[in-house]
Structures are given as structure tokens and as C-alpha cells.
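Novice: this one's sequence-less:
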Ligand SMILES: O=C(O)CC1=CCC(=O)O1
């Protein structure tokens, strides 16, 4: 099952630059694991925003929820998920 996720990141103002940097390091490691396993098919920065679009290939809604809620930044992200189905005009 393929899903598109849009994640908008918003850190509370009281976090220090070091705390934000720590989130970013842990997020990168978790994201790399997901990409290496193929669960995350790709991730793109949305130009001009602290936000991304990423695509997931998972077995179930529950698996996707487990993956998304495992992101270190989860508490500081708004996530919108869109299920994807094959387009009839797709040649792949
Ligand atoms: O977009 C970001 O920087 C936050 C993020 C979520 C998943 C990821 O790899 O980075």
C-alpha cells in the first residue's frame, strides 16, 4: 500500500538550538533506516517551507501509523496522509 505524507514541522519557541539540532540528527538516522528498508520510497523538501512530502510502501494503516509515530519529531509535526492508488494512465 502506497501513501503520500505531508509533514509540517513546527518546534516550540522554548527549544534551544542544540535541542533542535538533536532532533534533526535523530530524525535523519530514523529516516535513513526507513529509506534503506524500502518502507520510505523517497522524501522531498517542499520549497520554501519547513515541510516535506514523503512516500511510504507499507502493509497496512497500522504499520504506517507505527512508522510515522516513531519519528523523533512526531510531537512537533502536523502530518497529512493521502492513500495512493494506481492511476489508469500510469505506464509503470
Ligand atoms: O522535513 C523535515 O526536515 C522533517 C523530517 C521528517 C522526516 C524526515 O526525514 O525529516
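Specialist: Right, received. Where do you want to start? As the structure is a prediction and not an experimental result, all values here were calculated from the model.
Novice: need the residues of this protein near the ligand, please.
Specialist: 7, 9, 27, 31, 43, 52, 71, 73 (CB under 6 Å from any ligand atom). C-betas here are computed from N, CA, C, even on glycine.
Novice: narrow these to those that are buried.
Specialist: 7, 9, 27, 31, 52, 71, 73 (16 or more other CB atoms under 10 Å).
Novice: in which helix or strand would I find the residue in the chain positioned nearest to the ligand?
Specialist: Nearest to the ligand in the chain, going by CB to the nearest ligand atom, is residue 31, at a distance of 3.1 Å. Per DSSP states H and E, residue 31 falls inside helix 17-37.
Novice: other residues contacting that helix?
Specialist: With contact meaning CB atoms under 8 Å, 6 or more residues apart in numbering, helix 17-37 is reached by 11, 40, 42, 43, 56, 67, 70, 71, 72, 73, 76.
Novice: now, the most widely separated pair of the buried ones among the residues of the chain next to the ligand?
Specialist: Across these, no pair lies farther apart than 9 and 31, at 12.5 Å, counting by CB to CB.
Novice: residue contacts, residue 56?
Specialist: Per CB under 8 Å, 6+ apart, neighbours of residue 56: 2, 3, 5, 34, 39, 40, 41, 64, 67.
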